[in-house]
Structures are given as C-alpha cells and as structure tokens.
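Sequence and predicted structure are below.
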Amino acid sequence: MGENLWLIPADDGLDNAQEFLSGSGMGAIVLSKRLKEISDLFQYCIVDAPPQRSQICLTSLGAADHIIIPVEASSKGVNSLIRTLSLVEELQEIDAFSGIVLGILPFRDKWVGNNQVAQSKASISAMRTIAEEIVVLPSILESEQFKKAIDKGVSLSSLGFEQLETPFQQIIERLQKNV
C-alpha cells in the first residue's frame, strides 16, 4: 500500500499528553504547531483519537484538516456515530473544527460465508441514513487475516486477500482528492 508507511503506536505517555493539552487550554493550536514542524517528513499524519469527548479527541478534531469516522457495525456503533456527528457539528458552529469529513468507515462488519449478518447490514444501512451527504466508505470486514498480516509483517494482498484492502485504498483515494 505504501513503501514509506510509519506506524507510531501510542503508549502510556498519551496520558501525559492529555494532561498537558488540557492544562494548556490551547490543545488544538499546540498539536497543529507540532504537526507543522514535522510536515516535511510525512505526507499524512493519522491520529486515532478515542471516541469520547476527551481532551485528546477534541484536540485532534481541532487540529485536523480531514477526519474519517470509524464506526463499529453494531447498534452501539450507530449510537456512537450520532454522538460523534453531533460533536463535529458543535465544533464547526464555534469554528473549533474547520476540516473536512472524508467519510464514515464501518468496521467489524460480520459476514458468514457470502452473507452479511443482519445486525451489520442494518447498522450500515442506519449509518447511511444518519450520514446524509457524508460518504459511507466500504466496510472493514471482521477477519483474522488482518492479524495474520500484522504478525507476518506483510500486506493483505500478499496473503491473497486484496479485497480486504479496499476500504484502505478508498481512504487513500479520498485523501489524495482532498489534499
């Protein structure tokens, strides 16, 4: 997918960042400044913020140029989507988020053979209704192949599961169109 892809996982230091950002009162400005300092090293920086109104989440949204909203293909996920879209709207109204919502990304989409499980199907349908004009991207299927690829340090396509890469390819295409 990308020959120069870097994944930098969070660790316990994220708690320290949360405390610093909440104490500064200007979390989004601080994060934006820090990201600009390294912008010549990376084409994209993806921050996976927790789905709650934490300081890390608010800071990430405030600093973002683009967001993708991952949503579990379940009733819990649909309720989370409603809360997230409400938060995004609130932040847009006060000019605390001026970025673009690139899409909604369903994940843990369950299938049995060639048949999508009813709960996943209903949840993704509800996402489309709730999203209105926001694109609902192809879903990330629930599959052990992701773990196998990570454990082996290879791509899904090299394991013969190119179709599982489709959601990620769609994200790359949407990013490239909007940058």
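That came through fine. Residues are numbered from 1 along each chain as shown.

could you point out which element follows the longest strand seen in the chain?
Assignment by DSSP state E gives strand 100-109 as the longest strand of the chain. Sequence-wise, the next helix or strand downstream of strand 100-109 (DSSP states H and E) is strand 111-112.

so where's the chain uncertain?
Regions of the chain meeting the criterion pLDDT under 70 cover residues 1-11, 13-15, 18, 20-26, 179.

again, 50 this time
1 (pLDDT under 50).

farthest residue from the center of it?
The centre of the chain is farthest from one residue, G113, which by Cα atoms, centre = their mean lies 26.7 Å away.

how about it, phi and psi?
phi 60, psi -120 (degrees, to the nearest 10).

residues touching it, list them.
By Cβ atoms under 8 Å, 6 or more residues apart in numbering, no residues touch G113. C-beta here means a position set from N, CA and C on the backbone, and glycine is covered the same way.

Tell me the secondary structure at E165.
helix (DSSP: H, G, I helix; E, B strand; the rest coil).

ok, and the closest non-adjacent residue to it?
Spatially, and ignoring its direct neighbours in sequence, E165 is nearest to L156 (5.1 Å; Cβ to Cβ, 6 or more residues apart in numbering).
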